[in-house]
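> Mind folding the following:
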Amino acid sequence: MTHLWYRRPAADWEREALPIGNGSLGATIFGGAPSERIQLNEKTLWTGGPGSSDGYDHGDWAVPRPGALAEARHRIDARGDVSPAEIADLLGQPRRGYGAYQRLGDLHLGLAHPVPEHGYRRELDLTSALARVRYRAGGVTYQREFFASYPHQAIVGRLWADTPGSVSLTVRLVPAPAGAGLTVTGGLLVARGALADNRLRYDVRVVVRPERGRLVSGGDRITVIGADAVTLIVVAGTDYAAVWPHYRGPEPAPQLAARLAAVAATPYDTVRADHVADYRALADRVTLSIGQVDPGLPTDELVARYGTGGPADRWLEALHFAYGRYLLIASSRPGSLPANLQGVWNDSDTPAWSADYHTNINLQMCYWPAEVTNLAETAAPLHDFIEALRVPGRITARRMVDADGWVVHNETNPYGFTGVHDWPTAFWFPEAAAWLCRHLWEHYLFTSDERFLRERAYPAMREAAQLWLSALHTDPRDGALVVSPSYSPEHGGFTAGAAMSQQIVWDLFTATVEAAERLGEDTEALQAALGRLDPGLRIGVWGQLQEWKHDADDPHDTHRHVSHLYALYPGRQLAPHRRPDLAAAAAISLRARGDGGPAWSRAWKMNLWARLGEGDHAHRLFAGLLRECTLPNLWAVHPPFQLDGNLGAVAGVAEMLVQSHRGWIEVLPALPSAWPAGSVTGLRARGGVTVDVWWRAGKATVVELAADRTGPVTVRCAALTGRPVVDLHDGVPVPVVDSTFTALAGHRYRWA
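Model (predicted):
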């Protein structure tokens, strides 16, 4: 059984509370007794945007004034390196009405029984996505469980005891936004209102449904006396609608009332079973065994003791992997906004960085594991979000560089903000749209979905590429095409042609050419630009991969970003098998930066070392993340808590076990010595292949593949070279030439 569990209630939201979510709704469970707090979130509850009391930048779109971009390029050409503050003075703009993600409120349960005497246990079951609490008080065993149902779009809870008539409690709903109106009628609590800032309307409703016993409504609460069990159902929504330019839809009350009535009319066991079946259809696709043995320790103690070696460490590593996939399922489902910096969970009206969408790595990192760990459906909100950004992004592109195409900068929100602001080290990143397009292309590569490529991926990629065909600058130093101004995220000065900028544009152009060729579209302009594009790959004086076009890297610099290694991961431009000299330079840069940093930085380095085939070093980064950047509830911290650290590490584990970015499937490319024997099932490879691997003594013993489509599949695994590949459909060996065989759609193949 895979679960997080504790011997005490949570006292701190960030460190100890346990999260549940269905993509749109989130809750964190404290597990207190005799009082319980359930903190609630609804992902569209945002201040700012159209109608904000601060105004909103739909008017001038927060873009540089005319002539400022040309002036910035002139200064960079003349001086080479210009300070962020100076460029921000030129190009930055005050940001009005950007807004922030908000708390929805709290559900408080006052339980009319003694303080627990013994047997307290609070847990989050990752096999069923159920949060549970159990304890004994006054000779009675009390239990409760909570879950966030995607099929029924509700948060549901149930409280019961082993003695009839023992469940008595009060239920209070405390909305977070000021000025909410609260009504209590029968077994229904309703809080409705509009945010003071932008008049975004919100509605949260709670049904209290006892079995036997008596229900009393009064004041701001509902009281249940002497029930056998009580079911709670929470629904919530706003009038947010991701429709340009107003981002408002119908009043949420009618839809929520109908939804709540439907869930309340459905037996609890049915709602629960629907939830578990829906969750397991995603979660059960992947299993990981790395020699873990359940040590029988609460999760907070497991985290505190990590690093002693042996099966207990392996247990935490496997648990962290499963938990990360759980968090992605809980915070990103079709129909919701994508996962933000904190997924869907937030307990502040002024969260760090607005709990927004940072597009210079954080949003993208949250979706690194989606395809490879067989959760492609969870990426649908990101794909929808990218599509929604194209419309405002066209306006920014036209006003910023007078070009076709679309652009988004360093940070964005649910209201289509694609402009800049005036924070010197975190405002300028026009390459973000190109990076986001990588996720569209990757979805096609993993699924071979031609319709998705034609209707969703290629149009966005082509349009992002159009911007750069116009916006690239001819470098007077050598005549190459470069990004200018170019800024390596949050590090150094503004220059022309920083490595990350060039690598991202190369990645976009190359993928767009490949997509166009598949669709029979013209590629002449892109091919010509690629021929002149500075590739952003240089080896510096101390053997490092340069972060900037000029050799300015400091071997003692341990900055958290390793942006100049984008070409290695998540990109594919830097291929160690083709350019071992560049791979060696990347390793030198990584060693110089060190293994420290916030959780997301360690997760990125973990993936980079895996791409270099250095499994032990990748594992060292994983261990450091668990030891130094992981809270008792397994949330990763920057600080504060950010989802990207959890999900980046999940991708890192997958990257250690299976890689497919080079045009073939590579089995155990970076297996660490800490995992000498084990198995993984259900990982996905590009080309629409599901991969299962068993290994012993550090070498693969069995590989099984299932193909989505008919076509050639190339698999490289030194331990199995020369052994037959058998089609399990009919038990017949298939011809293998240079590690390649023809797979049939729907067939499963075994290599042992």
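> Please make it C-alpha for all contacts and neighbour counts, starting now.
Will do.
> Show me the shaky parts of this protein.
Where the chain drops to pLDDT under 70, the residues are 1, 58-60.
> Break it down into its domains, please.
3-47+104-284, 63-94+357-575, 291-331+595-655, 678-751 (automatic domain parsing).
> Which one, of these, ends up nearest to residue 662?
Smallest distance to residue 662 across the domains of the chain (C-alpha to C-alpha): 7.4 Å, for domain 63-94+357-575.
> what about the closest one, start to end distance?
37 Å (C-alpha to C-alpha, to the nearest Å).
> Ok, stretch 409-416 next?
Stretch 409-416 has an end-to-end distance of 11 Å (C-alpha to C-alpha).
> coming back round to it: nearest to residue 582, of the domains of the chain?
Across these, closest to residue 582 is domain 63-94+357-575 (C-alpha to C-alpha), at 6.9 Å.
> what's the spacing between whichever helix or strand residue 528 is part of and its chain's center?
Using DSSP states H and E, residue 528 maps to helix 524-532. With C-alpha atoms, centre = their mean, to the nearest Å as the basis, the distance from the averaged C-alpha position of helix 524-532 to the chain average is 33 Å.
> Tabulate the domains of the chain (JSON lines), appending mean neighbour count and distance to residue 663.
Below are these laid out as JSON lines (neighbours: other C-alpha atoms under 10 Å; distance: least, C-alpha to C-alpha, whole Å):
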{"stretch": "domain 3-47+104-284", "mean neighbour count": "20", "distance to residue 663": "26"}
{"stretch": "domain 63-94+357-575", "mean neighbour count": "21", "distance to residue 663": "10"}
{"stretch": "domain 291-331+595-655", "mean neighbour count": "22", "distance to residue 663": "14"}
{"stretch": "domain 678-751", "mean neighbour count": "18", "distance to residue 663": "8"}
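> do you know how far residue 324 is from residue 363?
Residue 324 is 15 Å from residue 363, where distance means C-alpha to C-alpha.
> Please apply the same query to residue 441.
Going from residue 441 to residue 363 by C-alpha to C-alpha gives 16 Å.
> if we can go back for a sec, please identify which of the domains of the chain is closest to residue 337.
Taking the domains of the chain one by one with C-alpha to C-alpha, domain 63-94+357-575 is closest: 5.5 Å.
> how about CSV for the domains of the chain, with distance to residue 586 added?
As requested, the domains of the chain are exported to CSV (distance: least, C-alpha to C-alpha, whole Å):
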stretch, distance to residue 586
domain 3-47+104-284, 35
domain 63-94+357-575, 5
domain 291-331+595-655, 9
domain 678-751, 24
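> between these, which one is nearest to residue 589?
Closest of the domains of the chain to residue 589 is domain 63-94+357-575, at 5.0 Å (criterion: C-alpha to C-alpha).
> how near is residue 492 to residue 374?
38 Å.
> what's the answer for residue 267, then?
Taken as C-alpha to C-alpha, the span from residue 267 to residue 374 is 31 Å.
> just residue 261 next, same as before
According to C-alpha to C-alpha, residue 261 stands 34 Å off from residue 374.
> what ranges do the strands span in the stretch 351-500 of the chain?
357-358, 411-412, 473-474, 481-482 (DSSP state E, counting those that start in this stretch).
> Tell me how far the helix or strand following the helix holding residue 528 lies from the chain's centre.
Going down the chain from helix 524-532, the next helix or strand is helix 580-593, by DSSP H and E. Taking C-alpha atoms, centre = their mean, one finds helix 580-593 lying 27 Å from the centre of the chain it belongs to.
> For helix 580-593, C-alpha coordinates in CSV please.
Presented in CSV, the C-alpha positions along helix 580-593 are these (Å, rounded to 0.1, in the frame of the first residue of the first chain):
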residue,chain,number,x,y,z
PRO,A,580,30.7,14.2,-26.7
ASP,A,581,32.8,17.4,-26.4
LEU,A,582,29.7,19.4,-25.8
ALA,A,583,28.4,16.8,-23.3
ALA,A,584,31.7,17.0,-21.4
ALA,A,585,31.4,20.8,-21.3
ALA,A,586,27.8,20.5,-20.0
ALA,A,587,29.0,18.2,-17.2
ILE,A,588,31.8,20.7,-16.3
SER,A,589,29.2,23.5,-16.1
LEU,A,590,26.9,21.3,-13.9
ARG,A,591,29.7,20.4,-11.5
ALA,A,592,30.7,24.0,-11.2
ARG,A,593,27.1,25.0,-10.3
